[in-house]
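**Student:** The amino acid sequence is not available; the structure is as follows:
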């Protein structure tokens, strides 16, 4: 099936072509004709990616995954799909291991003379990847000094978030003049829990209790009964389980500014999915008694901030057509969610 002008070693995909030709008695025609030198080129599209953590294990896994994908595309059996999925997971593991090993070796070399070149290479790749910070392990302290050890980096993150979340708010003063509103609260019903469970999205990162919402969904009515009983106990005791108060704080880069500056990260709390279910049940009840103005677009059902942007653009076009001035004010509150005056929230809820 091969002509005399097919040369050098074949990779797995090339061997697959040859095996396919053998099975159906076909010839790889382009190997029967000699090519001119100028035609023996390989075209590469776009800028080369610098994957200096690449190794043979990763390359072999990716080649096998591609072959499995083609095999599944040609014959969509359950076995072929399972093989492809397993190889997908294997590639992810191999890539993760290769990156981890490469970065461990890099940070070990940073304190040596030879590590200087690696440092510049890392800087170039960071810039090219659009500031991909998944592997950034160095951070600056409050004085701008770069911290490299894992212990000092963790200590800096702890200090930063403690300072941020415990910042004094001048408006955080007790609001007087509104009495507490006490009335009978109905027990939580199964249909409320069932609807809240249905609204919960799957595939989300879970909190320190390691119980994803998929567990409750798989248990069906048994989960609804258990959760209803649990939520009513919380309601009657007027206190949440301590496990619900714990969370995992993950810093997410805002894609702007210095990647080594803590203030350019947004802290995301990974909390218990069971607690989030409880919050959804309470939220539905609160929305029935709290009046929200029509101008509120964020976090509202069947509304979006996109609607507000669209209305503003229409308004701008109308004023421009009428050759009239339109003055707009945009307010961006720094660290808004970290500085919410909670006493004001309680005041509004009591007043409602």
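**Tutor:** Sure, I can see it. Everything quoted here is computed from the prediction, not taken from an experiment.

**Student:** Quick check: closest non-adjacent residue to residue 270.
**Tutor:** Once flanking residues are discounted, residue 270 sits nearest to residue 248: 4.2 Å by C-beta to C-beta, 6 or more residues apart in numbering. Every residue, glycine included, has its C-beta placed from N, CA and C.

**Student:** Residue 209 now?
**Tutor:** Residue 209 sits nearest to residue 272 (C-beta to C-beta, 6+ apart), 4.9 Å away.

**Student:** so where do the strands sit in this protein?
**Tutor:** Secondary structure of the chain (DSSP state E): strands at 139-140, 146-147, 248-253, 265-270.

**Student:** what are the pairing partners of the second one, and which direction each?
**Tutor:** If I follow you right, that is strand 146-147. Strand 146-147 has these partner strands in its sheet, going by DSSP bridges: strand 139-140 (antiparallel).

**Student:** who touches the strand it pairs with?
**Tutor:** Residues outside strand 139-140 that contact it (C-beta atoms under 8 Å, 6 or more residues apart in numbering): 146-147, 153, 156-157, 258, 260-262.

**Student:** looking only at pLDDT, what's the mean for it?
**Tutor:** The average of the pLDDT scores along strand 139-140 is 86.

**Student:** how about low-confidence regions in this structure?
**Tutor:** Within the chain, the stretches with pLDDT under 70 are 1-13, 30, 32-53, 111, 113-136, 166-182, 335, 338, 352.

**Student:** Cross-check the contact I'm expecting between residue 235 and residue 188.
**Tutor:** Yes: Residue 235 is within contact range of residue 188, at 6.3 Å (criterion: C-beta atoms under 8 Å).

**Student:** Counting neighbours, go ahead and name the busier of these two.
**Tutor:** Neighbour count, other C-beta atoms under 10 Å: between residue 235 and residue 188, residue 188 has more, with 22 against 16.

**Student:** Domain map for this protein?
**Tutor:** Split into domains by automatic domain parsing, the chain comes to 1-43, 187-242+270-289.

**Student:** Do me a favour and get the end-to-end distance for the longest one?
**Tutor:** Start and end residues of domain 187-242+270-289 are separated by 17 Å (C-alpha to C-alpha, to the nearest Å).

**Student:** go on, stretch 202-217?
**Tutor:** One end of stretch 202-217 sits 9 Å from the other (C-alpha to C-alpha).

**Student:** chain center to that stretch, what's the gap?
**Tutor:** Per C-alpha atoms, centre = their mean, to the nearest Å, the displacement of stretch 202-217 from the mean C-alpha position of its chain is 15 Å.

**Student:** Same question for stretch 196-214.
**Tutor:** 15 Å.

**Student:** Show residues contacting it.
**Tutor:** Outside stretch 196-214, the residues that touch it by C-beta under 8 Å, 6+ apart are 216-217, 223-224, 227, 243, 246-248, 250, 270-277, 280-281, 284.

**Student:** Which ChimeraX command selects the buried ones in those?
**Tutor:** Listed next is the ChimeraX selection for buried residues among the contacts of stretch 196-214, using 16 or more other C-beta atoms under 10 Å:
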select :216,223,224,227,271,272,273,274,275,276,277,280,281
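
**Student:** Return the subset of the contacts of stretch 196-214 lying in helices.
**Tutor:** Using DSSP state H, the subset of the contacts of stretch 196-214 located in helices is 216-217, 223-224, 227, 243, 273-277, 280-281, 284.

**Student:** any idea which of these is closest to residue 56?
**Tutor:** Comparing those against residue 56 with C-beta to C-beta places residue 273 closest, at 40.2 Å.

**Student:** Against residue 219, how distant is that closest one?
**Tutor:** 13 Å (C-beta to C-beta, to the nearest Å).

**Student:** Distance check, the residue nearest to residue 328 when sequence neighbours are not counted against residue 327.
**Tutor:** Residue nearest to residue 328 in three dimensions, not counting chain neighbours: residue 312, with 7.2 Å by C-beta to C-beta, 6+ apart. To residue 327, residue 312 is 12 Å away according to C-beta to C-beta.

**Student:** Look at those two and report which has more neighbours.
**Tutor:** Set residue 312 next to residue 327 and count neighbours by other C-beta under 10 Å: residue 312 wins out with 12 against 5.

**Student:** Quick one, which of the strands of the chain gets closest to residue 349.
**Tutor:** The closest of these to residue 349 is strand 265-270. By C-beta to C-beta, the value is 22.0 Å.

**Student:** now the angle from that closest one to strand 248-253?
**Tutor:** Here the directions of strand 265-270 and strand 248-253 differ by 150 degrees (axes from the mean of the first three to the mean of the last three C-alpha atoms, to 10 degrees).

**Student:** Given strand 265-270, what are its sheet partners and their directions?
**Tutor:** With DSSP bridges as the test, strand 265-270 is paired with strand 248-253 (antiparallel).

**Student:** hmm, who's touching the strand it pairs with?
**Tutor:** By C-beta under 8 Å, 6+ apart, strand 248-253 touches 131, 133, 157, 161, 205, 207-208, 259, 262, 264-270.

**Student:** out of these, which one sits closest to residue 100?
**Tutor:** Using C-beta to C-beta, the contacts of strand 248-253 come closest to residue 100 at residue 133, 15.5 Å.

**Student:** quick one on the thing from earlier: farthest pair within the ones in helices among the contacts of stretch 196-214?
**Tutor:** That would be 243 and 284, which, of the ones in helices among the contacts of stretch 196-214, are the farthest apart (C-beta to C-beta) at 23.2 Å.
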